[in-house]
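S.K.: Got a sequence here, can you model it:
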Amino acid sequence: MEKLQKQLDGLISQIENKAELRQRLNNLVSVYPFNEYEYVISTLMGLGKLNLDEYYELRDEYISRNMFLYIFEISAPRGFGETWAQGHLKELVPELEKPSKKRDPEYSGQYDLYLDEKIRIEVKASRAVDFDRQEALYVKALSLDSDKQFDMNFQQIKPLCCDVFIWVAVWRDVIRYWILTSDEVAGNKYFSKGQHRGNVGEGQLHLNRDNIDKFAQYEVKPNRLLEAIRNAFQRQIAK
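M.R.: The predicted structure follows:
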């Protein structure tokens, strides 16, 4: 939005009655889908400052910068962490299965996904937002190249209940993935045990600008997730 605003401001500055347009924007009443951006773009096109091809280019650039912005509009925590994140991984790795007592007689909801009838997987997902702003998530969503601080808190981590962790982190223009064994999480210096009093074996881990590079060895491209999960499982059972 910041880049789009600058681009439109630059075009507005080229028209003769720019002061009048800015005054109208200050008094503009917006009702979906008619808003200030629709008004500015239609005005600029009407004045010949923006042609159709330039509009398409402006639109395509915005979409490419905000490909995953819609994910920040998911407000319910379970809607994001469970429904979207697990469904997204299932699309990337169709071999992943939802666990059940039929597959695992000891299953009681302690992990999220199952692979090869033996690999127990817990999924943790978070979104990169401006740590210093208090607006809605989609307003403070960050791009990967932003220099603003973020704090992704992976909560209710239970290393004793799974073999492999998949972390999913969403920026407005990219999605990144990390795969770790349960031992690699439990032994990591950033893992904080005892998130809630009395919850034995459960903790949390904050992923932020200061420590994200420390996990580079665990980051995986989406087309390598299946292989990485199986490799992590072999590392886990080797211990």
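S.K.: Bridge partners for the residue nearest to the spatial centre of the chain, pull those for me.
M.R.: Among the residues of the chain, the smallest C-alpha distance to the mean C-alpha position (C-alpha atoms, centre = their mean) belongs to Val170, namely 1.6 Å. Per DSSP bridges, residues listed as beta-bridge partners of Val170: Arg127, Ile175.
S.K.: surely it meets Arg127?
M.R.: Yes. Under the contact definition of C-beta atoms under 8 Å, Val170 touches Arg127, with a separation of 4.7 Å. For the C-beta atoms, the positions are set from N, CA and C on the backbone; glycine is no exception.
S.K.: if we can go back for a sec, how near is the residue nearest to the centre of the chain to Met67?
M.R.: For Val170, the distance to Met67 equals 10 Å [C-beta to C-beta, to the nearest Å].
S.K.: Low-confidence ranges, this structure, go.
M.R.: When the per-residue scores of the chain are filtered using pLDDT under 70, the ranges that remain are 1, 32-33, 194-200.
S.K.: residue boundaries of the strands in it?
M.R.: Under the criterion DSSP state E, the chain contains strands at 113-115, 119-127, 151-157, 164-170, 175-181, 191-193, 203-208, 219-220.
S.K.: Phe72: which of these is closest?
M.R.: Within the strands of the chain, the stretch nearest Phe72 is strand 119-127; the backing value is 5.7 Å (C-beta to C-beta).
S.K.: Return the residues in contact with Gln14.
M.R.: Applying C-beta atoms under 8 Å, 6 or more residues apart in numbering, we find Gln14 in contact with Lys49.
S.K.: What separation do you get for Arg230 and Lys193?
M.R.: Distance, Arg230 to Lys193, by C-beta to C-beta: 28 Å.
S.K.: er, Glu2 actually
M.R.: Here the criterion is C-beta to C-beta. By it, Glu2 lies 39 Å from Lys193.
S.K.: what's the burial count for the closest residue to Asp132 other than its chain neighbours?
M.R.: Setting aside the residues directly before and after it, Asp132 is nearest to Gln149 in space (C-beta to C-beta, 6 or more residues apart in numbering), at 6.7 Å. The number of residues packed near Gln149 is 13, by other C-beta atoms under 10 Å.
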